[in-house]
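S.K.: Test case, fold it:
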Amino acid sequence: MRILVAGGRNEADFIIKKFKEEKHQITVVNQDVDYCKYLSKENHVIVYNGDPTLVSVLNEAGIQQADLVVALCTKDEDNFVICEVASKVFNIPRIICTVTNPKNVDVFHSLGIRSVVSSADFLVQTIQAEVNFENVVKSLALEQDKIAMLEIKLNSPDLAIIGKTLAQLENTRLYTIACIYRKTQVVIPSGNTEIKYGDKLFVVTTYPDKDAVVRYIQKKVPKEREQ
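M.R.: Numbers count the residues shown, from 1 in each chain. So this is what the prediction gives:
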């Protein structure tokens, strides 16, 4: 994939390194002369020094060849301009931008920019995930942190584990589902017992493996990416 990275500093450097490892073709447009020299020397990518909000600069950088544009400027209005130009002037199929003010996420969405990233939003989602984790998982440590009994509520219909039988589960050497509390019934499961939405699982595992087991059980079915 051909990716054009517009603006940014540390986050741009990080993205460039990660996607170069995956053999993507990276082009950079940045207004900071010294940082352009650093990015070019450090990452061995094509770097254009100039204002990425200008059509002429983006055109010179070959934006028309890009499959994806990533706007990382510190000013939200600059990122908006880059997205608008990439979309309406150059018809770039995929555009992602960051925003400093989380209130601008909905504004950008309303203006047709679908992929908007806010670090503040991610922080909120992470906190909410931790709160939800505490609400759905209870852990009892036994035998001086050697054995753990987990009580896990399956309260999301899009968990990947739902609909599978115990025989279809992965990494079962790490844990045992001792019983299932389903509505008002207690189910002692066998290999062909199907896991259902709303079940409460009582899982026995070793204490060192408990986090990995919880992550597996709470893993959701991947959503299709927007094109």
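S.K.: And this protein, what are its domain boundaries?
M.R.: Structurally, the chain divides into domains by automatic domain parsing as follows: 2-118, 130-217.
S.K.: The longest one spans what distance, first to last residue?
M.R.: Its first and final residues considered, domain 2-118 spans 24 Å by CA to CA, to the nearest Å.
S.K.: can you map out the helices along the protein?
M.R.: 10-21, 33-43, 55-60, 76-84, 104-110, 119-136, 210-217 (DSSP state H).
S.K.: so can I have TSV of those showing mean pLDDT?
M.R.: What follows is the helices of the chain, written out as TSV (pLDDT from 0 to 100):
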stretch	mean pLDDT
helix 10-21	90
helix 33-43	95
helix 55-60	96
helix 76-84	95
helix 104-110	86
helix 119-136	59
helix 210-217	91
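S.K.: Indicate which one of those helices is closest to Tyr181.
M.R.: When these are compared for distance to Tyr181 using CB to CB, the nearest one is helix 119-136, at 13.3 Å. C-betas here are computed from N, CA, C, even on glycine.
S.K.: follow-up on the earlier one: of the helices of the chain, which stretch is the most buried?
M.R.: Of the helices of the chain, the one with the most neighbours on average (mean count of other CB atoms under 10 Å) is helix 76-84, at a mean of 21.
S.K.: least reliable of the domains of the chain going by mean pLDDT?
M.R.: Lowest mean pLDDT of the domains of the chain: domain 130-217, a mean of 85.
S.K.: quick revisit: I'd like to know which of the helices of the chain is closest to Ile147.
M.R.: helix 210-217 (9.5 Å).
S.K.: what's the distance between His109 and Ile92?
M.R.: 18 Å (CB to CB, to the nearest Å).
S.K.: Tell me which of the helices of the chain lies nearest to Thr176.
M.R.: Nearest to Thr176, of all those, is helix 210-217, at 10.0 Å by CB to CB.
S.K.: Show me how far the closest one is from its chain's centre.
M.R.: 18 Å (CA atoms, centre = their mean, to the nearest Å).
S.K.: Please name every helix or strand in contact with that helix.
M.R.: strand 147-153, strand 200-206 (3 or more CB pairs under 8 Å, 6 or more residues apart in numbering; DSSP states H and E).
S.K.: I'd like the ones you listed laid out as CSV, including mean neighbour count.
M.R.: Listed next are the helices and strands packed on helix 210-217 as CSV, based on neighbours: other CB atoms under 10 Å:
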stretch, mean neighbour count
strand 147-153, 17
strand 200-206, 18
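S.K.: Many thanks, I have nothing further to ask.
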